[in-house]
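> return atomic coordinates for the entry below.
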Amino acid sequence: MSDNNRKEPFRYSMEVPMSCWIRISEINGTTLNSRLAEVDLIDISKGGCRIRTQLDLHASSNLIKGMLRLKLSEEEYEFEAQIRWQRQIEPPFFHYGLSLHLEDTEKEKINAELRALAGARKIKVL
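Numbers count the residues shown, from 1 in each chain. Take a look at the predicted model:
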């Protein structure tokens, strides 16, 4: 019998970073209307994702919320997101961890698309 009590959702890594877009909508409670910025999607789960960009958003000292727009295979999605962490792993790029705020139906759609992409070997399970 397995003692695996996995609480975290499976995380899928892109074989090649996938283009997606982020729009910042709020910094420290102040609403703003930014333009879409293209970023690279590094990995994703139904709870969050990691993106890469050259933009330094100073997320360690600011509470930043926004929208993430992405297209995994067929359907384009737009999700509310909050930046949880920022690291400069590979200069000049910054990596950001985002929590995604998804409805249950959205989580199931994302899971189905991620499983299909994993089956086609376009992404891998971490």
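> from now on I want contacts and neighbour counts done on CA atoms only, so please keep to that.
Will do.
> immediately after the helix or strand where Gly97 lies, which helix or strand?
If you go by DSSP states H and E, Gly97 is part of strand 93-101. Toward the C-terminus, strand 93-101 is succeeded by helix 104-119 as the next helix or strand (DSSP H and E).
> avg pLDDT for the strand holding Gly97?
Computed over strand 93-101, the mean pLDDT rounds to 97.
> name the helices or strands packed onto that strand?
strand 48-53, strand 76-90 (3 or more C-alpha pairs under 8 Å, 6 or more residues apart in numbering; DSSP states H and E).
> any idea which of the ones you listed is most buried?
Counting by mean count of other C-alpha atoms under 10 Å, strand 48-53 has the highest mean neighbour count of the helices and strands packed on strand 93-101, with a mean of 21.
> just checking: what are the partner strands of that strand?
strand 37-44 (antiparallel), strand 93-101 (antiparallel) (DSSP bridges).
> please name the bridge partners of the residue nearest the centre of the chain.
Central residue of the chain (C-alpha atoms, centre = their mean): Cys49, 2.7 Å from the mean position. Cys49 forms beta bridges with Ile44, Leu98, as assigned by DSSP bridges.
> could you do Phe79 as well?
The partner residues for Phe79, given DSSP bridges, come to Leu68.
> thinking again about what came up before, how about the residue nearest to the centre of the chain, what does it touch?
Contact analysis of Cys49 by C-alpha atoms under 8 Å, 6 or more residues apart in numbering lists 41-43, 97-100.
> and with 6 Å instead?
43, 97-98 (C-alpha atoms under 6 Å, 6 or more residues apart in numbering).
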